[in-house]
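Undergrad: Build me a model:
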Amino acid sequence: HLATLCYCGKYWWQYFSVYKKLANVDVPHCEQLLVLPLFMCNFVGVMFARSLHYQFYVWYYHTLHYLVWTTGYPVKNRLLLLGVIEMCWNTFPSTVASSGALHVCHFIILVGLLSQVSKSCDMTIFTSRSKDEKTK
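TA: Okay, the predicted model is just below:
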């Protein structure tokens, strides 16, 4: 859990830094730089929770759609992930299969998120001028 947060932290820091620079400028969808790290942090917390209660699903349900659509997966796979997660949470009492499926779905989403976040942090908007000047 802590290792995942630390790994993601470097990307989140870049998102927050760019958001801070662009917050006062009229940039469309600048809020995404603030929302994604917060939603991911909440998701990682639920993903690594030792026990899950139904109120946890309420805490992260509304962010799941945004997170799944942030991944680069095809639409069919995104909808399948959301459907399987819904099925897992609606299985009462939970079974080994429903718990395992939930963990697999969470892992797949995390891998997709990390892939997209690392790609976006390599984009020009995330590189600072001071960093570029140091390399020259």
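
Undergrad: gap between residue 40 and residue 98?
TA: Residue 40 sits at a distance of 24 Å from residue 98 (criterion: C-beta to C-beta, to the nearest Å). For glycine as for every other residue, the C-beta is placed from the backbone atoms N, C-alpha and C.

Undergrad: between those two, which one's more packed in?
TA: Per other C-beta atoms under 10 Å, whichever of residue 40 and residue 98 has more neighbours is residue 40, with 26 against 17.

Undergrad: my read: the more buried one touches residue 113, true?
TA: Yes - if you go by C-beta atoms under 8 Å, residue 40 and residue 113 touch, sitting 6.0 Å apart.

Undergrad: counting contacts, what elements does the longest helix seen in the chain pack onto?
TA: Counting by DSSP state H, the longest helix found in the chain is helix 96-121. Judged by 3 or more C-beta pairs under 8 Å, 6 or more residues apart in numbering; DSSP states H and E, helix 96-121 is in contact with helix 2-22, helix 32-47, helix 54-70, helix 75-89.

Undergrad: Nearest to residue 102 among those helices would be which one?
TA: helix 75-89 (4.0 Å; C-beta to C-beta).

Undergrad: Kindly export the closest one (C-alpha atoms) in PDB.
TA: Extracted in PDB, the C-alpha atoms of helix 75-89 (Å, rounded to 0.1, in the frame of the first residue of the first chain):
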ATOM      1  CA  VAL A  75     -14.700   0.900 -24.000                       C
ATOM      2  CA  LYS A  76     -15.900  -2.800 -23.900                       C
ATOM      3  CA  ASN A  77     -13.200  -3.600 -21.300                       C
ATOM      4  CA  ARG A  78     -14.000  -0.500 -19.300                       C
ATOM      5  CA  LEU A  79     -17.700  -1.400 -19.100                       C
ATOM      6  CA  LEU A  80     -16.800  -5.000 -18.200                       C
ATOM      7  CA  LEU A  81     -14.600  -3.800 -15.400                       C
ATOM      8  CA  LEU A  82     -17.300  -1.700 -14.000                       C
ATOM      9  CA  GLY A  83     -19.900  -4.500 -14.400                       C
ATOM     10  CA  VAL A  84     -17.700  -7.100 -12.600                       C
ATOM     11  CA  ILE A  85     -17.000  -4.600  -9.800                       C
ATOM     12  CA  GLU A  86     -20.700  -4.000  -9.400                       C
ATOM     13  CA  MET A  87     -21.300  -7.800  -9.400                       C
ATOM     14  CA  CYS A  88     -18.600  -8.300  -6.700                       C
ATOM     15  CA  TRP A  89     -20.100  -5.700  -4.400                       C
END
